[in-house]
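*Asks:* A predicted structure for the sequence below; I have some questions about it.
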Amino acid sequence: FGDPLLAEVVLPPSAGWQLTGAMAAPRRDHTATRLEDGRVLIVGWFTQDAEIYDPTTNTFSSVGTTRFSHGWGHSATLLEDGTVLIVGGGENRRAVELYDPSSGTFASVGETLADRTYHTATRLADGRVLLAGGQGVGPVTHAAAEIFDPSTQSFSPTGSLAEERATAGAALLADGRVVVVGGIHTTSPGQGYGLRTTELFDPATGTFSPGGSMTLPRSGVETATLLSGDLMVIGGGTQTAEFYDPVTDSFRPIAQMITPHGSGTLTRMHDGRVLVVGGSVAIGPVTTNAAEVYDPQTDQFTAVTGMNEARQQHTATLLDDGRVLVVGGVAGGSGETSTAEFYGLTADQRMSYLASAVDEYVQQGVLTAQQGKQLSARLERSQLRFDAGRYRQAVNQLAGFVRKVESYIRSGVFTAEQAAPVVLTAESLIVQFGG
């Protein structure tokens, strides 16, 4: 044995940012929807041209034209059958269409009952979609809500919000209810105020009821559901962030972000941490390329390498391979951008790191050749099953790998510091592939 206290910690390669293929058209306030096959549908801004991002080639390609120009503030929701429901937007506030990935075509499916721009769109547990609030002509906010039923391709009214709101956040809770968070209430064109309030929609009764209040008003709300079931919330142009606990229907402040991220994005990654990206750092067009990661286990934000390009009003989409794809937005003072970049390591890169870390610890004398062989065998069996698409079996092998590493910590072979990046990397793969 070597002395584990003298061995160097073998860290994974830095995730960093990498530019990828650019879109054909510059966009901001668009939507990016991950399809069932892992590709990403891009729709919106001042064009009817839609595009698809393919993570296997890291390129965008045309996928035809939408039936309507949706402009800004529309929604795009993946339905249970794999189609995408596209609703409203500033140029056609009641327009509705469906994108079918199997045929690559868009089809009109009527109109919404109320104008929908900067509304919320949430797929319910039964597959229907709740639309709540938004803006109409003016723009002025409203409180109307309705439900889209994919089986009939029609809309029906449901109970209204208690408060008019747009640019709110919304999330499906584990019990099937929907929480609608904050937003802006406009009193007249160009005038309004942010909201602290939340409302809970119960699909069983079709009604909204008051929920807990945030610690401060927030418009332009971004949310991310954590592995614990808590909801992380930012918005309102401040550095503050908070958690919503669905069990107690209450909010609590968490650590402060390093940088404000107005009109930025939140993305929960496969390892349970949350990536916060871009946005504005002050009132006006002060756009940042800053990125930071929030760890719920430590309640800390950590700065990571900034994006290649400053941007706000962009989209951020978690890809199947664990990377986060950031697309478009307003790039500093130069207007909309067509560029895209991604953050993170692919599954293959993380598996490669685990294998090299085991080899390195054998070379350092921390692990015996036999111990290294046992860990490597687990990884090799896991890789073979990943390659064959047998993800459950691959995850079982990785879980066994983690248990073996943890046993080495208990017996003093590894220090906790040395094992931490190995365990976290393996656990991120287990989470990603459904373990």
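*Replies:* Done, it's in. Residues are numbered from 1 along each chain as shown.
*Asks:* pLDDT weak spots in the chain?
*Replies:* 1-7, 283-285, 434-435 (pLDDT under 70).
*Asks:* what segments of it are helices?
*Replies:* Using DSSP state H, the helices of the chain run over 347-363, 369-387, 391-410, 416-432.
*Asks:* what are the buried residues along the longest one?
*Replies:* Within helix 391-410, the residues that qualify as buried are 391, 394-402, 405, 408-409, counting by 16 or more other C-beta atoms under 10 Å. All C-beta atoms are positioned from the backbone trio N, CA, C, and that covers glycine.
*Asks:* helices or strands next to it in the packing?
*Replies:* helix 369-387, helix 416-432 (3 or more C-beta pairs under 8 Å, 6 or more residues apart in numbering; DSSP states H and E).
*Asks:* could I get the ones you listed as TSV with distance to residue 241 and mean neighbour count?
*Replies:* Formatted as TSV, the helices and strands packed on helix 391-410 follow (distance: least, C-beta to C-beta, whole Å; neighbours: other C-beta atoms under 10 Å):
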stretch	distance to residue 241	mean neighbour count
helix 369-387	35	16
helix 416-432	22	19
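*Asks:* which one of these lies nearest to residue 68?
*Replies:* helix 416-432 (35.6 Å; C-beta to C-beta).
*Asks:* and the angle for that closest one with helix 369-387?
*Replies:* 20 degrees (axes from the mean of the first three to the mean of the last three C-alpha atoms, to 10 degrees).
*Asks:* shift numbering so it begins at 29
*Replies:* New numbering, starting at 29: the last item is helix 444-460.
*Asks:* would you point out which residue is most central in this protein?
*Replies:* residue 295 (3.3 Å; C-alpha atoms, centre = their mean).
*Asks:* out of the helices of the chain, flag the one nearest residue 250.
*Replies:* Of these, nearest to residue 250 by C-beta to C-beta is helix 444-460, at 21.3 Å.
*Asks:* nearest to residue 398, of the buried residues of helix 419-438?
*Replies:* residue 436 (12.1 Å).
*Asks:* quick check: the gap between the closest one and residue 430.
*Replies:* Residue 436 sits 11 Å away from residue 430, going by C-beta to C-beta, to the nearest Å.
*Asks:* same check, this time on residue 354
*Replies:* 30 Å.
*Asks:* and for residue 442?
*Replies:* In terms of C-beta to C-beta, residue 442 sits 12 Å off from residue 430.
*Asks:* show me the strands in the stretch 79-228 of the chain, by range?
*Replies:* Counting by DSSP state E, counting those that start in this stretch, the stretch 79-228 of the chain has strands at residues 87-93, 103-106, 112-115, 123-128, 133-139, 148-151, 157-160, 173-177, 182-186, 197-200, 206-209, 212-216, 219-222, 226-230.
*Asks:* indicate which one of the ones you listed is closest to residue 319.
*Replies:* Shortest distance between residue 319 and those, using C-beta to C-beta, is found for strand 197-200: 20.2 Å.
*Asks:* what's next to the closest one, contact-wise?
*Replies:* 148-153, 158, 160, 206-211, 249-251, 253, 259, 261, 263 (C-beta atoms under 8 Å, 6 or more residues apart in numbering).
*Asks:* please point out which parts of that strand sit buried.
*Replies:* Neighbour counts over strand 197-200 (16+ other C-beta under 10 Å) mark 197-200 as buried.
*Asks:* and what of stretch 119-134?
*Replies:* Neighbour counts over stretch 119-134 (16+ other C-beta under 10 Å) mark 119-127, 129, 134 as buried.
*Asks:* just the terminal-to-terminal distance for that stretch.
*Replies:* 17 Å (C-alpha to C-alpha, to the nearest Å).
*Asks:* what residues sit buried inside stretch 182-189?
*Replies:* Neighbour-count burial for stretch 182-189 [16+ other C-beta under 10 Å]: 183, 186-189.
*Asks:* now for the buried residues of stretch 119-134: which two are most distant?
*Replies:* Longest span within the buried residues of stretch 119-134, C-beta to C-beta: 121 and 129, 25.7 Å.
*Asks:* look up how far residue 260 lies from residue 294.
*Replies:* Plainly put, residue 294 is 6 Å away from residue 260 if you go by C-beta to C-beta.
*Asks:* common neighbours of the two, please.
*Replies:* By C-beta under 8 Å, 6+ apart, the residues touching both residue 294 and residue 260 are 251-252, 302.
*Asks:* in a markdown table: these, plus neighbour count and distance to residue 338.
*Replies:* Converted to a markdown table, those look like this (neighbours: other C-beta atoms under 10 Å; distance: C-beta to C-beta, whole Å):
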| residue | neighbour count | distance to residue 338 |
| --- | --- | --- |
| 251 | 19 | 23 |
| 252 | 21 | 22 |
| 302 | 20 | 20 |
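*Asks:* picking up where we left off before, and residue 272, which of the helices and strands packed on helix 419-438 is closest to it?
*Replies:* Of all the helices and strands packed on helix 419-438, it is helix 444-460 that lies closest to residue 272, at 21.5 Å by C-beta to C-beta.
*Asks:* packing partners for that closest one?
*Replies:* helix 375-391, helix 419-438.
*Asks:* closest to residue 46 out of the strands of the stretch 79-228 of the chain?
*Replies:* strand 87-93 (13.5 Å).
*Asks:* buried set for that closest one?
*Replies:* For strand 87-93, by 16+ other C-beta under 10 Å, it's 88, 91.
*Asks:* who does it touch, helix- and strand-wise?
*Replies:* Looks like strand 87-93 contacts strand 77-82, strand 133-139 (3+ C-beta pairs under 8 Å, 6+ apart).
*Asks:* direction included, what does the first one pair up with?
*Replies:* Using DSSP bridges, the strands paired with strand 77-82 in its sheet are strand 68-71 (antiparallel), strand 87-93 (antiparallel).
*Asks:* right, I'll leave it there.
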